[in-house]
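> Just the structure for this:
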Amino acid sequence: MRILIVEDSKFFIQLVTKAIAETIRAETVVATSLAEARKIIAEATKPFDLALTDILLADDEKGEAVSLVLDHAIPCIVFTAVFSEDLRERLLARNVIDYVVKNSPSSLDYLMSLVTRLHRNRLTKVMVVDDSKTTRNYLRDLLIAYQFKVIEAEDGETALALLKSTPNIRMVITDYHMPGMDGVEMVRRMRATHDQERLCIIGLSSGGGSALSAQFIKMGANDFINMPFLREEFFCRIMQNVRMLDMMDRLTDMATKDVLTGIHNRRFFFDAGDALFASAKREQVTLTAAMLDVDFFKKVNDTYGHDAGDAVLKKVASVIRKKCRQTDLVARFGGEEFAVLAVNMDEAASKAFFESLRQAVESEKITHKGKTIQVTVSIGVCQGAGDSLSGMIKSADEMLYKAKRAGRNRVDIL
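Numbering: from 1, shown residues only. So this is what the prediction gives:
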């Protein structure tokens, strides 16, 4: 993300640039005057994704800097030291994203939460469903201003098809009055396949009031907005619901991801692995289970400290995840042990793959506090689906201990 800061207060510039560097690590370019902003924009070789602009500068008492960035199609957040209802109306009429009043330390917190949110929104897909092209265009432009990726559908059937075919749609904003299928029925059908933790749905209508709102909510909508609405209200409701999705994602990660390495944990491995095992038995595909253990890991901790041990585990997890296919299930099993479950990997392929994985870990140089650490792993592999996933893991574990007894840094396959 590339951010232009137009501000003549050196103190505020320092605060903002430092906060951006610590949160989203975006590239920042600073202009301390209107003239400098004009020069930077005119000579820019790469586009700016966002501008943070003071409304009054030493050479700009009419707020021309705001017009400058907007005329160059740069989304804009405005700083202002004073605030009035008239100023608010004028700012929002110019289609700025938001305004931040520089009157307290909390102003910087609000600004950074907004910038961070905009940064995340660039990866967030929102689908707008409405049979009115005018309304779709209006909602699309509002959402694009907040950096969302927008998908459009003119009716419920199209929306359902797009939801099925397009990965990672996180939010649906839908009208009620549509031909063929109304918004409430569409919500009901969407909820049959997408729960509220993964997909947020917001109902929208210019008629119906509280009764229609209740219908949407009962069918599984997260929220409802009456039209016409204040632009600020729309964005506040949208952002509130997006933050709720983020919170659910964090809770899911806490439950399914290993805190240290970021890969899946043992609980998720068995939850997902048991489902994969049952599917494999029905479809008669093969499964390969492997257990990996870092050799002499206690020696790493004793020699270099537990921080170094953590660095080793993170790097080994990263190597395993990069070497494995996206369809492979990878998890930290506990301590220095990792597990892999792969589909349709025959014996010859298994031997070559896990041998290359062993070599990849062995060749990795891990730097920690000026020290270079090299480790190896022993790997035990169980080829072919057994009676249960637990049984496969037990067999792979037995082969792992065979590899340990045979000298470590080797692969043994059952």
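> State the mean pLDDT of stretch 66-82.
Stretch 66-82 carries an average pLDDT of 86.
> can you list the weak-confidence ranges in this structure?
208-209, 284, 385-386 (pLDDT under 70).
> in it, which helix has the most residues?
Longest helix in the chain by number of residues (criterion: DSSP state H): helix 231-256.
> What is it packed up against?
If contacts are counted by 3 or more CB pairs under 8 Å, 6 or more residues apart in numbering; DSSP states H and E, helix 231-256 sits against helix 105-121, helix 133-145, strand 169-175, strand 200-205, strand 223-226, helix 266-283. Placement of C-beta: from N, CA and C, glycine included.
> And the next helix or strand past the last one?
Okay, so that is helix 266-283. As assigned by DSSP states H and E, the chain's next helix or strand after helix 266-283 is strand 287-294.
> May I see the buried residues of the very next helix or strand once past that next one?
For strand 287-294, the succeeding helix or strand toward the C-terminus, using DSSP H and E, is helix 297-304. Residues 297, 300-301, 304 are the ones in helix 297-304 that count as buried (16 or more other CB atoms under 10 Å).
> Now do the contacts for the residue nearest to residue 168 when sequence neighbours are not counted.
With CB to CB, 6 or more residues apart in numbering as the criterion, residue 168 has its nearest non-adjacent residue at 5.7 Å, and that residue is residue 125. For residue 125, the contacting residues are 148-151, 166, 168-171, by CB atoms under 8 Å, 6 or more residues apart in numbering.
> let's see it at 7 Å
149, 151, 168-170 (CB atoms under 7 Å, 6 or more residues apart in numbering).
> which of those lies closest to residue 357?
Set against residue 357, the nearest of these by CB to CB is residue 168 (29.0 Å).
> Any idea how far apart the tips of stretch 58-67 sit?
16 Å (CA to CA, to the nearest Å).
> Can you mark which positions in that stretch are buried?
Buried, per 16+ other CB under 10 Å, within stretch 58-67: 60, 63, 65-66.
> Inside helices: which ones of those residues?
65-66.
> For ChimeraX, write the select line for the buried members of the contacts of residue 125.
To isolate the buried ones among the contacts of residue 125 in ChimeraX, judged by 16+ other CB under 10 Å, type:
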select :149,151,169,170
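> So which of the contacts of residue 125 is the closest to residue 389?
residue 168 (28.2 Å).
> any chance of the helices and strands packed on helix 231-256 in TSV, with distance to residue 406 too?
Converted to TSV, these look like this (distance: least, CB to CB, whole Å):
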stretch	distance to residue 406
helix 105-121	49
helix 133-145	60
strand 169-175	49
strand 200-205	54
strand 223-226	61
helix 266-283	26
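> of all these, which lies closest to residue 346?
Nearest of the helices and strands packed on helix 231-256 (CB to CB): helix 266-283, 14.1 Å.
> Against which helices or strands is that closest one packed?
Contact here means 3 or more CB pairs under 7 Å, 6 or more residues apart in numbering; DSSP states H and E; on that basis helix 266-283 packs against strand 329-334, strand 337-343, helix 389-405.
> tell me which residues of the shortest one are tucked away?
Going by neighbour count (16+ other CB under 10 Å), the buried part of strand 329-334 is 329-333.
> List of residues touching that strand?
By CB under 7 Å, 6+ apart, strand 329-334 touches 258, 261, 263-266, 268-269, 272-273, 276, 317, 320-321, 324, 338-341.
> Can you flag the buried ones in those?
258, 261, 263-265, 268-269, 272-273, 276, 317, 320-321, 324, 338-341.
> Of the helices and strands packed on helix 231-256, give the one that comes closest to residue 235.
Once these are compared by CB to CB, helix 133-145 is nearest, at 7.4 Å.
> right, and the helix or strand after the closest one?
Following helix 133-145 in sequence, per DSSP H and E, is strand 149-153.
> For that next one, give me every contacting residue.
With CB under 7 Å, 6+ apart, strand 149-153 has contacts from 124-129, 136, 140, 143-144, 159, 162, 166, 169.
> Could I have the ChimeraX command that selects the buried members from those?
Entered in ChimeraX, the line below selects the buried ones among these, by 16+ other CB under 10 Å:
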select :124,125,126,127,128,129,136,140,143,159,162,169
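> Nice, that's everything, thank you.
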